[in-house]
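Chemist: this one's structure only:
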């Protein structure tokens with residue numbers, strides 16, 4: 001049985017923000033959400049989040065997640081004191097263990113945490129790192145035989161201990177029953193006047209409990225965030241890691257340094273992504289998709305061979321195979337673009353189907369519409385779907401031709417193979433296979449003179 005305690009009570013004074021530190025985003029979601037994702041990958045029996053500063057905001061941000069329990073630390077007297085607040089929530093079977101994580105250390109990977117659990121051997125396991133400059137970190141003090149003896153915080157360390165380069169990351173796992181006992185025995189007799197969680201290591205040694213260590217695969221996994229500078233650094237480190245994973249999977253990124261993934265991205269073979277693109281939520285790109293520079297794609301699936309040209313925005317849309325989107329196109333939620341369809345520059349489509357082989361190549365708005373196959377929508381066309389209160393649907397059947405500068409006042413239907421002449425304002429259904437025109441008779445006014453400015 002595994003308990004996970006996540007410490008998320010800190011003020012984050014150096015963030016210079018009213019937002020609690022653990023709610024500041026990395027890669028598009030709160031730091032605490034990253035830690036929760038890693039925790040849930042271990043399938044724990046209980047997750048306890050210790051909150052303090054901004055407790056109500058943190059709890060509200062994760063409301064409705066039934067696997068979470070919240071413990072309040074107020075006031076804050078150190079990491080040991082924080083874990084003490086979680087004790088009433090811990091499940092304590094005979095084989096129970098408790099893993100301690102940190103809400104402002106967002107990039108720790110599930111594989112690293114699983115390795116930590118594996119080396120525990122029914123005792124205590126600590127995640128440590130070797131740093132060339134260990135200033136500010138607690139030092140791992142070992143015996144001559146290499147066994148962990150204790151952890152000494154930097155401010156309390158002797159010069160000899162400060163020379164140690166193996167440091168404590170703060171992440172550890174311990175038997176729950178022993179942890180409860182040790183937490184009741186730690187004191188605040190130190191330079192900070194706080195109750196250090198790390199003091200349980202000395203107590204474990206005194207109780208002859210085995211202490212093992214392991215280290216993360218990448219040093220960025222245990223980096224914490226205490227300032228906007230560190231937040232920005234971690235953002236770029238994580239984006240570089242995500243880009244590297246995509247490259248190893250066969251995706252072409254024309255410049256990995258100019259790529260942002262704020263969610264999940266699933267790519268087929270031979271996908272090409274140009275510079276400056278942002279992917280949010282869950283995005284799927286099938287084989288051979290090309291995404292041009294400076295596009296934003298959110299919660300969208302794109303079929304094989306489709307090209308998304310520069311500066312296009314796709315949000316909660318579905319795009320078929322061999323389609324062409326953009327440049328400067330906008331697909332809003334509910335846009336369903338079928339195979340071989342074209343959505344050109346400065347075209348906006350919202351909650352509409354654009355059928356197979358249909359085209360809206362420039363300067364059009366298509367909203368709340370069902371457009372059939374092989375339809376041509378001319379420049380300047382608008383579906384007038386909103387009367388100020390209600391939305392109405394426009395239906396355009398297969399093989400229709402919509403002339404430029406046409407307004408379709410919904411609800412209205414254009415029949416199969418119908419043609420609407422340029423400049424038409426359609427307020428009644430247009431019959432199939434016929435030309436419908438709605439425009440005043442052209443006339444020329446003789447002897448008319450353009451007004452001139454009076455002297």
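Modeler: Noted; the coordinates are in hand. Since the model is a prediction, treat every value here as computed from it, not as a measurement.

Chemist: now do the closest residue to residue 318 other than its chain neighbours against residue 317, distance only.
Modeler: If the residues on either side of it in the chain are set aside, residue 318 comes closest to residue 336, at 4.9 Å by CB to CB, 6 or more residues apart in numbering. C-beta coordinates here come from the backbone N, C-alpha and C atoms, glycine included. Distance, residue 336 to residue 317, using CB to CB, to the nearest Å: 7 Å.

Chemist: so which of these two has more stuff around it?
Modeler: residue 317 (24 against 18; other CB atoms under 10 Å).

Chemist: got a list of what that one touches?
Modeler: 300, 331-337, 349 (CB atoms under 8 Å, 6 or more residues apart in numbering).

Chemist: one more: residue 357?
Modeler: 338-341, 373-374.

Chemist: among those, list the two that are farthest apart in space.
Modeler: 339 and 374 (11.6 Å; CB to CB).

Chemist: quickly list what's touching both of those two.
Modeler: What both residue 339 and residue 374 touch, as defined by CB under 8 Å, 6+ apart, is the set 356-357.

Chemist: so how many other residues sit close to residue 185?
Modeler: Counted with other CB under 10 Å, residues neighbouring residue 185 total 12.

Chemist: nope, residue 426 is what I meant
Modeler: Neighbours of residue 426 (other CB under 10 Å): 23.

Chemist: who does it form a beta bridge with?
Modeler: For residue 426, the beta-bridge partners under DSSP bridges are residue 408.

Chemist: now the strands for the stretch 101-250 of the chain?
Modeler: Using DSSP state E, counting those that start in this stretch, the strands found in the stretch 101-250 of the chain span residues 124-130, 139-142, 148-152, 166-175, 211-214.

Chemist: contacts for the third one, please.
Modeler: By CB under 8 Å, 6+ apart, the list of residues contacting strand 148-152 from outside reads 126, 138-143, 158, 161, 168, 196, 198-199, 201-202, 205, 211, 213.

Chemist: neighbours of the closest residue to residue 350 other than its chain neighbours, how many?
Modeler: Nearest residue to residue 350 in three dimensions, chain neighbours excluded: residue 332, at 3.8 Å (CB to CB, 6+ apart). By other CB under 10 Å, 16 other residues sit near residue 332.

Chemist: picking that back up, please convert the strands of the stretch 101-250 of the chain to a markdown table, extending it with mean pLDDT.
Modeler: Converted to a markdown table, the strands of the stretch 101-250 of the chain look like this (pLDDT from 0 to 100):
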| stretch | mean pLDDT |
| --- | --- |
| strand 124-130 | 96 |
| strand 139-142 | 94 |
| strand 148-152 | 91 |
| strand 166-175 | 96 |
| strand 211-214 | 96 |
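
Chemist: closest to residue 424 out of these?
Modeler: strand 166-175 (67.4 Å).

Chemist: what's the closest one packed up against?
Modeler: strand 97-102, helix 110-118, strand 124-130, strand 139-142 (3 or more CB pairs under 8 Å, 6 or more residues apart in numbering; DSSP states H and E).

Chemist: just name the most buried of these.
Modeler: strand 97-102 (a mean of 24; mean count of other CB atoms under 10 Å).

Chemist: who does that one pair up with?
Modeler: Partners of strand 97-102 in its sheet, by DSSP bridges: strand 2-8 (parallel), strand 166-175 (antiparallel).

Chemist: the strands of the stretch 101-250 of the chain: which one's closest to residue 37?
Modeler: Minimum separation from residue 37 across those (CB to CB) falls at strand 166-175, 15.4 Å.

Chemist: for the closest one, what is the distance to the chain centroid?
Modeler: 28 Å (CA atoms, centre = their mean, to the nearest Å).

Chemist: re the thing from before, next, format the contacts of residue 317 as JSON lines and append pLDDT, distance to residue 225 and secondary structure.
Modeler: Below are the contacts of residue 317 laid out as JSON lines (pLDDT from 0 to 100; distance: CB to CB, whole Å; DSSP: H, G, I helix; E, B strand; the rest coil):
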{"residue": "300", "pLDDT": "98", "distance to residue 225": "30", "secondary structure": "coil"}
{"residue": "331", "pLDDT": "98", "distance to residue 225": "34", "secondary structure": "strand"}
{"residue": "332", "pLDDT": "98", "distance to residue 225": "34", "secondary structure": "coil"}
{"residue": "333", "pLDDT": "98", "distance to residue 225": "32", "secondary structure": "coil"}
{"residue": "334", "pLDDT": "98", "distance to residue 225": "37", "secondary structure": "coil"}
{"residue": "335", "pLDDT": "98", "distance to residue 225": "36", "secondary structure": "coil"}
{"residue": "336", "pLDDT": "98", "distance to residue 225": "40", "secondary structure": "strand"}
{"residue": "337", "pLDDT": "98", "distance to residue 225": "39", "secondary structure": "strand"}
{"residue": "349", "pLDDT": "98", "distance to residue 225": "39", "secondary structure": "strand"}
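
Chemist: buried subset of the residues you listed?
Modeler: Among these, the ones that count as buried by 16 or more other CB atoms under 10 Å are 300, 331-332, 334-337, 349.

Chemist: in the stretch 151-300 of the chain, where is pLDDT below threshold?
Modeler: Applying pLDDT under 70 to the stretch 151-300 of the chain flags no residue at all.

Chemist: now rank the contacts of residue 357 by neighbours and give me the top one.
Modeler: So for these (other CB under 10 Å), the most neighbours sit at residue 341, 27 neighbours.

Chemist: got the contact list for it?
Modeler: Residues in contact with residue 341 (CB under 8 Å, 6+ apart) are 320, 323-324, 354-359.

Chemist: just the buried subset of the residues you listed, written out for ChimeraX, thanks.
Modeler: Listed next is the ChimeraX selection for buried residues among the contacts of residue 341, using 16+ other CB under 10 Å:
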select :320,323,324,354,355,356,357,358,359
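
Chemist: possible to save the contacts of residue 341 as a markdown table with pLDDT, distance to residue 261 and secondary structure?
Modeler: Output for these, formatted as a markdown table (pLDDT from 0 to 100; distance: CB to CB, whole Å; three-state DSSP):
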| residue | pLDDT | distance to residue 261 | secondary structure |
| --- | --- | --- | --- |
| 320 | 98 | 23 | coil |
| 323 | 98 | 23 | coil |
| 324 | 98 | 24 | strand |
| 354 | 98 | 27 | strand |
| 355 | 98 | 32 | coil |
| 356 | 98 | 31 | coil |
| 357 | 98 | 32 | coil |
| 358 | 98 | 31 | coil |
| 359 | 98 | 31 | strand |
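
Chemist: kindly reformat the contacts of residue 341 as TSV and extend each row with distance to residue 397.
Modeler: Formatted as TSV, the contacts of residue 341 follow (distance: CB to CB, whole Å):
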residue	distance to residue 397
320	19
323	20
324	23
354	13
355	9
356	13
357	14
358	11
359	15
